[in-house]
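Peer 1: let's see this in three dimensions:
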Amino acid sequence: MANKKMKTLTMNNIMYEIVDEYARINLENYIPKFTTITLFASKWIGDSNPYSQEITVNNITENSKLDLQPTATQIVELQDKEITLMLQNNNGTVTAWAIGNKPTDDYTISLLIQEVLVI
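Peer 2: As a prediction, the model looks like this:
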């Protein structure tokens, strides 16, 4: 069976599509998006390292890659307090992890959301 391919580039709606017998990809869905999240000091769970809390991030999928984008001031503060923050996306359920010391302050941090194409 022949593999048919069609490429379309439309500048008006920033869409690039690849169409064949098996896939239709709209890359508009893969444009990175920014939002902010707040990690509340009172919501960290655990009596010892690491600490966790579930957070809500709207409009993500199981294929969303989440990258925290702290400010320079936040980076210095977290380093001084010996805290590393990370996020884990488990099929659309997001868990924040604090490694090192348990945060005693609330942190509002920018978040980059990038959809990842799973082939």
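
Peer 1: going forward, measure contacts and count neighbours with C-alpha atoms only.
Peer 2: Fine.

Peer 1: what residues sit buried inside stretch 68-76?
Peer 2: Applying a neighbour-count criterion of 16 or more other Cα atoms under 10 Å, the buried positions in stretch 68-76 are 68, 70.

Peer 1: let me see the mean pLDDT of that stretch.
Peer 2: For stretch 68-76, the mean pLDDT works out to 97.

Peer 1: mind listing residues that contact that stretch?
Peer 2: When contacts are defined by Cα atoms under 8 Å, 6 or more residues apart in numbering, stretch 68-76 is touched by residues 86-87, 109-112.

Peer 1: just the buried members of those residues?
Peer 2: Buried among the contacts of stretch 68-76 by 16+ other Cα under 10 Å: 87, 109-112.

Peer 1: ok so, going back, just the contacts of stretch 68-76: which are in strands?
Peer 2: Counting by DSSP state E, the members of those that fall within strands are 86-87, 109-112.

Peer 1: format those as TSV; extra columns: pLDDT and distance to N49.
Peer 2: Rendered in TSV, the data for the ones in strands among the contacts of stretch 68-76 read as follows (pLDDT from 0 to 100; distance: Cα to Cα, whole Å):
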residue	pLDDT	distance to N49
M86	97	13
L87	97	15
I109	97	21
S110	97	24
L111	96	23
L112	95	26
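
Peer 1: could you export those residues as TSV, including distance to E28?
Peer 2: Output for the ones in strands among the contacts of stretch 68-76, formatted as TSV (distance: Cα to Cα, whole Å):
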residue	distance to E28
M86	27
L87	24
I109	25
S110	21
L111	19
L112	16
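
Peer 1: out of the residues you listed, which comes closest to V57?
Peer 2: Distance from V57 was checked for each of those by Cα to Cα. The minimum falls on L111, at 9.4 Å.
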